[in-house]
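Engineer: After the sequence you'll find the predicted model.
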Amino acid sequence: MVAFGLVSLSADMVYEGMRSISGPFLGALGASALVVGIITGAGEAMALLLRLATGPWADRSGRHWRLTVVGYGLTAVCVPLLALAPALGTAGVAVAAALILLERAGKAVRSPAKSALLARVATGGSLGKAFGVHKALDQVGAFVGPLVVAGVTALTGVLWPGFAVLAVPGVLSLLLLAQLARRSPGLTAVEQPEPDGIERRGLGAVLGVDLPPRFHVFSAASALATAGLMTFGVISYRFVEEGLVPLAAAPVVYALAMATAALAALATGWVFDRSGARVLLVVPVLVAVLPPLVFGDRLWVVLAGVALWGVATGVLDSTVKAQVAAVVPAPRRATGYGVFAAVQGLGAVVGGATAGALVTHHATTLALLVAGAQALALVLLLATVRVRA
């Protein structure tokens, strides 16, 4: 789990470094708040929805390692290429959007396969710990990457060189992954394949209709939480536009969020192994209070909101995966992760577009919509916990 975490640490320096300035960068290229919300929301949705295909593909083919390598490769290539967008004039926004979406497609390719491999590494009751440690190391990269981008931006006065320097950790992530694959040739996602005669194919298998009902209820709750969480692209776009945070400092604010995400992943992973899914009940409560904070008019309020946003993000990207592994049989875990992520993706694209459309002139309406969605998410999570108990 530590080796996988080091790979993710390097790769997340690349992606999260990009993510920390994607909103202001798109704005500098001429995109509106709505366009930023659609692009960043669609990117997160693509990273999640495409797993409907890549998860079952990993289960059927058994090529978990190959899919993991291809996915990390797309991230290592696409993010540094964003440095070229400002030189393309009016086409810059379109090219940047395409690269952001392609990078997120790489996330979709690798994540179900990698999560299935990581769940296989975990033993006994350590699923929460495994995903928590992995996410914590992942978040170290997510903390350092934005700081590197902030430093480069402060030195140069422009954004594009920050993308170029991210090529270095991108190459490092691929070298580490290649070494890990060579050292663990016998590691597979499942101990034994599915018995003969029950290999799942067709649309029903892809959509996971045969997976446990508890899994589907949990997926719906997580999608509602993801929709309310919004993207950092929208959050950073607004606090830069409002003059609360200088452009060069936006990555530093994002690094703050990633630090709290790492701590949240470790803490909730530890609690999950001891108390089960009840620890996840905190997520909709956190998400419900975010809009008035992250879209506040005082810097300390915004920073508090970003820190809580990081906590919610850390849990939604780590400990929830432990719950998926706990309720889905091992031979179907990559499919389960794919379906789960796709449902989350629907929430991401709806949440991103809604936040982008409402944040400038209808922030109160946005806050009420988020609160309502989180109330429903809490009800569904309570049902999941009761079924488990």
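Structural biologist: Structure received. Numbers count the residues shown, from 1 in each chain.

Engineer: how many other residues sit next to Ala83?
Structural biologist: When neighbours are counted by other C-beta atoms under 10 Å, Ala83 registers 18. For every residue, glycine as well, the C-beta is placed using N, CA and C.

Engineer: That one contacts Trp160, doesn't it?
Structural biologist: Yes: assessed by C-beta atoms under 8 Å, Ala83 is found in contact with Trp160 at 4.4 Å.

Engineer: pLDDT (mean, whole number) over stretch 327-334?
Structural biologist: With pLDDT averaged residue by residue, stretch 327-334 scores 80.

Engineer: do the same with stretch 89-104
Structural biologist: On average, stretch 89-104 scores 93.

Engineer: Quick check, pLDDT for the residue lying closest to Ser10 once chain neighbours are set aside.
Structural biologist: The spatially closest residue to Ser10, leaving aside those adjacent along the chain, is Ser173, at 3.6 Å (C-beta to C-beta, 6 or more residues apart in numbering). Reported pLDDT at Ser173 in the predicted model: 93.

Engineer: contacting residues around Ser173?
Structural biologist: Ser173 is in contact with 7-8, 10-11, 14, 72, 75-76, counting by C-beta atoms under 8 Å, 6 or more residues apart in numbering.

Engineer: Return the member of the residues you listed nearest to Ala220.
Structural biologist: When those are compared for distance to Ala220 (C-beta to C-beta), Ser8 wins out at 27.0 Å.

Engineer: The closest one and Val140 touch, don't they?
Structural biologist: No: under the criterion of C-beta under 8 Å, Ser8 is not in contact with Val140, lying 9.2 Å apart.

Engineer: Show the buried residues in the contacts of Ser173.
Structural biologist: Listed as buried from those are 7-8, 10-11, 14, 72, 75-76; burial here means 16 or more other C-beta atoms under 10 Å.

Engineer: May I ask which two of these are separated the most?
Structural biologist: Among the buried ones among the contacts of Ser173, the pair separated by the greatest distance (C-beta to C-beta) is Ser8 and Ala76, at 12.7 Å.

Engineer: mind checking pLDDT for Leu48?
Structural biologist: The model's pLDDT for Leu48 equals 72.

Engineer: make that Leu177, sorry
Structural biologist: At Leu177, the pLDDT recorded in the model is 89.

Engineer: any idea how far the nearest residue to it once chain neighbours are set aside lies from Leu176?
Structural biologist: Spatial nearest neighbour of Leu177, chain neighbours left out: Val7 (4.9 Å); criterion: C-beta to C-beta, 6+ apart. Distance, Val7 to Leu176, using C-beta to C-beta, to the nearest Å: 5 Å.
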